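Peer 1: I would like the atomic coordinates for the input below:
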Amino acid sequence: MSIKFKRITKENITKALTIYNWYVLNSTATFHLEEIPQEELERMVSVGHEKYQSFIILIDSEICGFCYLSQFRYKEAYDKSAEITLYLDKNATGKGIGKTTLNYLENIAKEKGINNLVGVITAENEPSIKLFEKHNYFKVGHLKSIGEKFGKALDVVSYQKEI
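Peer 2: Purely as a prediction, here's the structure:
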């Protein structure tokens with residue numbers, strides 16, 4: 001299995017949108033309640049941004065997910081930090097892609113002068129939490145009942161890693 005990464009562009013973002021909208025409709029991994037248009041995903045992943053980069057994830061040339069670094073907060077003092085995010089096609093989980101993706105994004109972050117990464121995860125998303133913990137991220141925050149989806153209150157946890 002060959003895992004590769006390619007920068008997200010307006011031309012190749014369609015599959016990432018399909019993957020994301022599946023999570024919107026079927027999970028609590030994202031707090032969007034309705035499918036989003038392509039333009040919204042382009043904004044979320046900062047298409048074309050030099051520092052906060054986004055990538056489609058390919059296994060043997062087939063898109064199986066996407067990942068990105070985004071601005072942690074919109075104040076200059078936070079410029080050495082970024083939020084780290086990844087979404088895999090529902091059929092691509094449990095294959096080691098997450099670990100490879102975190103390694104890849106951490107290397108990109110280092111190249112861009114980012115030395116602090118934060119993952120923001122729905123507390124019931126145990127596979128994602130386990131992935132971040134195995135990759136030496138530590139829990140730094142827990143917001144109780146901060147969102148609501150599918151008729152239930154949801155907690156959000158934050159994981160951090162200094163690289």
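Peer 1: do you know the pLDDT at the nearest residue to Met44 once chain neighbours are set aside?
Peer 2: Spatially, and ignoring its direct neighbours in sequence, Met44 is nearest to Ser70 (7.3 Å; Cβ to Cβ, 6 or more residues apart in numbering). All C-beta spots, glycine's among them, are computed from the backbone N, C-alpha and C. pLDDT recorded at Ser70 is 95.
Peer 1: same check on Ser2?
Peer 2: For Ser2, pLDDT reads 88.
Peer 1: may I have the phi/psi pair for Leu154?
Peer 2: phi -130, psi 140 (degrees, to the nearest 10).
Peer 1: same question, Lys130
Peer 2: For Lys130, the backbone dihedrals are phi -60, psi -40 (criterion: degrees, to the nearest 10).
Peer 1: neighbours of it, just the number please.
Peer 2: 11 (other Cβ atoms under 10 Å).
Peer 1: any idea which helix is longest in the chain?
Peer 2: In the chain, taking DSSP state H as the definition, the longest helix is helix 97-111.
Peer 1: got a list of contacts for it?
Peer 2: 3, 5, 53, 55, 57, 59, 64-65, 67-69, 82, 84, 86, 88, 115, 117, 128, 131-132, 134-135, 161, 163 (Cβ atoms under 8 Å, 6 or more residues apart in numbering).
Peer 1: same question, stretch 50-67
Peer 2: By Cβ under 8 Å, 6+ apart, the residues outside stretch 50-67 that reach it are 1-8, 12-13, 15-16, 19-20, 45-47, 68-71, 82, 84-89, 91-92, 95, 97, 101, 104-105, 108, 112-114.
Peer 1: of the residues you listed, just the buried ones, PyMOL syntax please.
Peer 2: To isolate the buried members of the contacts of stretch 50-67 in PyMOL, using 16 or more other Cβ atoms under 10 Å:
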select buried, resi 3+5+8+13+15+16+19+20+45+46+47+68+69+70+82+84+85+86+87+88+89+92+97+101+104+105+108+112+114
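Peer 1: in helices, which of the contacts of stretch 50-67 fall?
Peer 2: Filtering these for helices - DSSP H - leaves 15-16, 19-20, 97, 101, 104-105, 108.
Peer 1: could you measure from the most centrally placed residue in the chain over to Gly151?
Peer 2: Centroid-nearest residue in the chain: Thr85, 1.4 Å away (criterion: Cα atoms, centre = their mean). According to Cβ to Cβ, to the nearest Å, Thr85 and Gly151 sit 25 Å apart.
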